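Visitor: Sequence isn't available, so here's the structure alone:
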């Protein structure tokens, strides 16, 4: 038997567990990109996964992939900018699976790509409605279920490295992602007494449909690979690994934290 300093010889050594067997997870924006990789990974580690997306066909496609893995999955159509649809999503998942243990708030949009002085009220409001307001009310709806269940829950919010070192011509996006960091801390403190861990992940540029225009541009790609010390943009699977850690028992003492998955970009920017 392995020995651990400070433990009695007859105490069994414990190792971190990444087992999600029997846990029920919701992944918003699960029909493509990061959400798809996260949904598939959660299922691989044993979770029953509700794939929630505004695009029902995308959600159904990913749910089908999960079923072909021999796992249970549910596709749910939801626009998280609509509180009624959030409520229906939660009700549908609880009815299908009996509860909710994990929420991955992955759904997000990027609509402003110009100077701040040209940002329209419509684009500002649209960004906040999804990236911040929608994320909060998804968390609130699921948080209520978790509190009523009386068992541990995990909420993981997808922010961005833009919350730490803002990018030009993205005022609304940068602000919304920064707000997620503060909201994560607030929910972590409010819900710790109920055994609910609330954390965030802040990715760098990940190769998805949202970033393909940037990554196809040769100058942008060169800029990114120069700024990221590990020398490449991220892949959706890079984020899925971080989600599995934060969703699993291995992170039971972690809450209110933001995990940067950025290849070292912000460390360099901050001079760390």
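Guide: Yes, it's here. These figures come from a predicted structure and were not determined experimentally.
Visitor: what comes up buried for stretch 179-193?
Guide: 179-181, 183-185, 187-188, 191 (16 or more other CB atoms under 10 Å). For every residue, glycine as well, the C-beta is placed using N, CA and C.
Visitor: Considering these, which is situated nearest to residue 52?
Guide: When those are compared for distance to residue 52, the smallest value, 17.7 Å, is given by residue 180; criterion: CB to CB.
Visitor: how far out from the middle of the chain is the strand or helix carrying that closest one?
Guide: Taking DSSP states H and E as the criterion, the element that holds residue 180 is helix 171-191. Its chain's C-alpha centre and that of helix 171-191 lie 13 Å apart, by CA atoms, centre = their mean, to the nearest Å.
Visitor: shouldn't residue 50 be in contact with residue 23?
Guide: No - the criterion here is CB atoms under 8 Å, and residue 50 misses it with residue 23 at 11.6 Å.
Visitor: Looking at those two, which one has more neighbours?
Guide: For the pair residue 50 and residue 23, the greater number of neighbours falls to residue 50 (30 against 23), based on other CB atoms under 10 Å.
Visitor: Now do the contacts for that one.
Guide: Listed by CB atoms under 8 Å, 6 or more residues apart in numbering, the contact set of residue 50 reads 24-27, 30, 73-76, 89, 92-93, 96-97.
Visitor: Could you rerun that using 10 Å?
Guide: Shown here is residue 50, whose contacts under the criterion CB atoms under 10 Å, 6 or more residues apart in numbering are 24-28, 30, 39, 59, 63, 72-76, 78, 89-90, 92-94, 96-97, 100, 102-103.
Visitor: among those residues, which are in helices?
Guide: Filtering those for membership in helices, criterion DSSP state H, returns 39, 59, 63, 89-90, 92-94, 96-97.
Visitor: tell me the pLDDT at the residue nearest to residue 133 when sequence neighbours are not counted?
Guide: Leaving aside its chain neighbours, residue 133 sits nearest to residue 81 (7.3 Å; criterion: CB to CB, 6 or more residues apart in numbering). Turning to residue 81, the model gives it a pLDDT of 96.
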